[in-house]
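>>> Generate coordinates for the sequence data below:
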Amino acid sequence: MTNLMKRGFIVNAVLFLLSIGLQSFIFFNVIHTNSNVPSALSKFTSAPVGVKNSFHEIYVRHAQHPSTIPTLESSPSICSPLPPIEEIEQCLGEKAEKPVISPLPILDSEKMDYSNLPGSDNRPRFRYMPGAVLSPLVTILTPFYNTGPIIHETAKAVLGQSLQRFQWIIVNDGSKNATQLAALDIYRKMGLTDSRIVILDLPTNKGLPGARNEGLKLAQGKYLLLLDPDDLIENTFIEKAVWFLESNPHYTLTNAYSIGFGHKNYTWSRGFHDGDINLRENMLTVATVMRTDILRKIGGFDENLTSGMEDWDLWMRFADNGHWGHTLPEFLFWYRVSPPGKWASIYNETKFNEYMSNQKAKYTRAFSEGVPKLAPIPQDKYEATAPPGDLVANMANPLKKCRPRLLVLLPYMEVGGADQFNYNFLVGMVHEGWEVTIATDKDSANKLYSQFMRVTPDIFIMPRFSRKSDQPRFIAYLIESRRPDVVFTSNSEHVYHYLPYLRAFAPGPAFVDYVHSETPQWKSGGYARYSAGAEPWLDRSLFASEHLRQYVIDLGHNPNKTATVLIGIDSDKYVHNPADRVELRSKLGVADDKLVILYVARLEHEKQPEMFAQVMKNLRDKGLDFMGISIGGGSLLESLNDTVYSNNLQDHVKLLGTIPNTEVSRWVSAADVFFLPSKVEGISLAIYESMSMGVTCVSARVGGQAELVVPEVGFLVKPGSPTESAEYEAIIERLIR
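Residues are numbered from 1 along each chain as shown. Just a heads-up that it's a prediction; the model follows:
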């Protein structure tokens, strides 16, 4: 381990995972450390800032632990240490690449980076390599006609697929340009040792539909993907598409949202869900995964359509035969846009009208009844989940493993302290040489998806491609495929329910949960209660505070499986910036001597936005001079906005909504008080950050907050008391005056 002092919050978790066999213990991760500390590891035996040694001794005595923490070297391990670089390179068969954290979010629909293509050096790494020779599950069909070296970009995307059980048929459609044809030489050579790659040379040019039909004759996969030789796909596209078809057998085809690049840049979210519009205008991209037997049954492509629109004709033919598809709501396909004029028949009105007239005559059923109206089968109740059995066996996708791997199971990737902790933790794991897979189980906007994509391409938002009853089977499949050393989960109600199933059918890795807080009002303790109940199926449980650990032990959790791992922050990253203070206050017209109160939270009931508004109103009514700023979205944002306007608080309260985390830290520099009147917290990550930046904290005495916010550095108020609002007001009024 290196750079412990710089990444303390990360190393906290890394150290624990590597020493998970310890008896229960406590890590104290601090915000600032004494420069005279002789060893970086001794940082974890120090008390937090402002906490006297006697307070630390109370912790230790209460937990019935020794007063010092055993060294890492003396701790047993559940997984092998990171192998030497020589072993990794021998396994890979080439020089090992350094871990990559992308400098910018990836696949951010609001700020799409059209230059960061699949396979780019700025993309994070996950080395997808086949771990066994198995029959192909999917055939990738690529026509090639004088395409040239640009196919190398497509090849990089194909060979980097997370589903490695593919057959890639490249159909050389009678190419005559020897220079362009030479681009296939490398794949001819690869095909000699890799049976997955097949080059089919046609003696004469047959055109796109004819070339595809010739390739179809050799297809061995249950599924088939049409992929042109200049287009690209994201690493997980095929795997997600195939799993959708396995989970929804009444569908025949699957594609995804697409990104246009090249001559023109754009994003495209139209698709099969546009229904009958596809009979008047083609909304579908050619990169579609389909059932091979159905494609053969309907006769493949119309070889007469050599001037274009043969793929549109195919979608109509599927519809006419009672088949239709689904568009995955993720940007997984990159379509290279050619200059105008390539498809003359599309832009020639006379030819287009002639084409449409012929189509209506060919496909009378489709044009009279419309396309099939399909939808995923609803699950009002949770169905019994069958053992992995034939599904996982038939879908087997064993990947070669050269580095330690971590599978992370989360509910979603949204804006919040727990999600930011998850992201920070994974950044550290990648820097330590681990490969990371993420699977989420809730239907959500997943606004931090593009942020997590900076860390790993191996991300699966399960509701987008799998029915709920298939989620446990998909997770079991991931464990079988990736062979993770550790399965890590946090705040996922579904995963707690899945644990007995996973331990029965995917028993290999160690299972660890991380609990941020208790919620007595929800299911008698919330995730803390779930952790206690799932103890038989967990190898270790981590808690964000010692208070929470004791709470769960009192619920019956085995103390020898528990540990307190404070989330902490990187204090070198969160530093007060006077320039930000001047700039942001100037934007709001706020003088430097006016008190700015910052409230950062996901606006839900447990964060009490109504308490924030009430305190701001009462302070205003007392004639005090201040500015309150709320940052964060959520279901109560509109309600908070209404409260601000109905009480004429516009001159004292500004609502900024959801903003990037980098911007949040700038606003902390502009603030004097960080106010968080939550009903529920573990230890707020935002409070760690604000304290590191020298901002006074006023918050709730809940969870483990008192372990961080001691009287020397901030103020805590017990929530739910009749005097709660008055106490907050008195504290802030004192700070204003």
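
>>> before we move on, could you check phi and psi at the nearest residue to Gln420 once chain neighbours are set aside?
Distances taken as C-beta to C-beta, 6 or more residues apart in numbering place Leu685 nearest to Gln420, at 5.7 Å, with adjacent residues excluded. C-beta here means a position set from N, CA and C on the backbone, and glycine is covered the same way. When quoted as degrees, to the nearest 10, the phi and psi of Leu685 stand at phi -60, psi -40.

>>> how much space is there between Leu685 and Leu598?
Leu685 sits 14 Å away from Leu598, going by C-beta to C-beta, to the nearest Å.

>>> tell me the pLDDT at the residue nearest to Thr456 when sequence neighbours are not counted?
The spatial neighbour of Thr456 that comes closest, neighbours along the chain excluded (C-beta to C-beta, 6+ apart), is Val436 at 4.3 Å. Predicted confidence (pLDDT) for Val436: 98.

>>> host element of Val436?
Of the helices and strands defined by DSSP states H and E, Val436 is found in strand 435-440.

>>> cool, Ser669 as well?
Going by DSSP H and E, Ser669 is in helix 661-670.

>>> Check which helices and strands the helix or strand just after that helix sits against.
Counting by DSSP H and E, the element after helix 661-670 in chain order, helix or strand, is strand 673-676. For strand 673-676, the helices and strands in contact under the criterion 3 or more C-beta pairs under 8 Å, 6 or more residues apart in numbering; DSSP states H and E are strand 595-600, helix 685-692, strand 696-700, helix 724-736.

>>> mind saving the C-alpha coords of the helix or strand following the first one as CSV?
So the one you mean is strand 595-600. Following the chain from strand 595-600 toward its C-terminal end, the next helix or strand by DSSP H and E is helix 609-621. What follows is the C-alpha trace of helix 609-621 in CSV, where atoms were taken according to Å, rounded to 0.1, in the frame of the first residue of the first chain:
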residue,chain,number,x,y,z
PRO,A,609,-35.8,20.3,4.2
GLU,A,610,-38.9,21.6,6.0
MET,A,611,-36.7,22.2,9.1
PHE,A,612,-34.2,24.0,7.0
ALA,A,613,-36.9,26.3,5.7
GLN,A,614,-38.5,26.8,9.1
VAL,A,615,-35.1,27.8,10.7
MET,A,616,-34.4,30.2,7.8
LYS,A,617,-37.8,31.8,8.1
ASN,A,618,-37.5,32.3,11.9
LEU,A,619,-34.0,33.8,11.5
ARG,A,620,-35.3,36.2,8.8
ASP,A,621,-38.3,37.2,11.1
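
>>> Which elements pack onto helix 609-621?
strand 595-600, strand 626-631, helix 637-646, helix 724-736.

>>> 7 Å instead, please
When contacts are defined as 3 or more C-beta pairs under 7 Å, 6 or more residues apart in numbering; DSSP states H and E, helix 609-621 sits against strand 626-631, helix 637-646, helix 724-736.

>>> quick one: the second one to strand 595-600, angle?
In this case it means helix 637-646. With axes from the mean of the first three to the mean of the last three C-alpha atoms, to 10 degrees as the basis, helix 637-646 and strand 595-600 are set at 160 degrees to each other.

>>> ranges for the helices of the stretch 351-500 of the chain?
Secondary structure of the stretch 351-500 of the chain, counting by DSSP state H, counting those that start in this stretch: helices at 364-369, 389-394, 417-431, 449-452, 471-482, 493-505.

>>> ok, now the stretch 101-250 of the chain?
With DSSP H, counting those that start in this stretch as the definition, the stretch 101-250 of the chain shows helices at residue ranges 151-159, 178-181, 185-193, 207-218, 237-247.

>>> So which of the ones you listed is the most surrounded?
helix 237-247 (a mean of 25; mean count of other C-beta atoms under 10 Å).

>>> Pull the distance from it to the chain's centre.
Between the mean C-alpha location of helix 237-247 and the chain-wide mean there is a distance of 18 Å, by C-alpha atoms, centre = their mean, to the nearest Å.

>>> quick one: contacts of it?
Defining contact as C-beta atoms under 7 Å, 6 or more residues apart in numbering, one finds that helix 237-247 is touched by 137-138, 161-163, 166, 223, 225, 251, 254, 256, 289, 291, 326, 328, 332-333, 391, 395, 460, 465-467, 470, 474.

>>> 6 Å - rerun?
Counting contacts by C-beta atoms under 6 Å, 6 or more residues apart in numbering, the residues outside helix 237-247 that touch it are 138, 161-163, 223, 251, 254, 289, 328, 332, 465-467, 470.

>>> for the chain, longest strand please?
With residue count as the measure and DSSP state E as the assignment, the chain has strand 325-337 as its longest strand.

>>> ok and it relative to helix 151-159, angle-wise?
Using the same axes, to 10 degrees: strand 325-337 against helix 151-159 is 150 degrees.

>>> What strands line up against strand 325-337, and which way round?
In the sheet, strand 325-337 lines up against strand 232-233 (antiparallel), strand 253-262 (parallel) (DSSP bridges).

>>> For burial, what's the neighbour tally of Leu735?
Here the count is done by other C-beta atoms under 10 Å, and Leu735 has 15 residues near it.

>>> if you skip the residues just before and after it, what's nearest to it?
Val673 is the one closest to Leu735 (C-beta to C-beta, 6+ apart), at 5.9 Å.

>>> Just confirm that neighbour contacts Val600, I think it does.
No. In this structure, Val673 is not within contact of Val600 by C-beta atoms under 6 Å, at 11.8 Å.

>>> Have a look at these two and say which one is more surrounded.
The residue with more neighbours, out of Val673 and Val600, is Val600; 25 against 22, by other C-beta under 10 Å.

>>> distance of that one from Ser684?
As defined by C-beta to C-beta, Val600 lies at a distance of 9 Å from Ser684.

>>> Look at stretch 665-684 and report the distance between its end residues.
Across its full length, stretch 665-684 reaches 14 Å between end residues, using C-alpha to C-alpha, to the nearest Å.

>>> Just give the number of residues close to the closest residue to Pro130 other than its chain neighbours.
Nearest in space to Pro130, with sequence neighbours left out and distances taken as C-beta to C-beta, 6+ apart, is Gln164 at 4.2 Å. When neighbours are counted by other C-beta under 10 Å, Gln164 registers 23.
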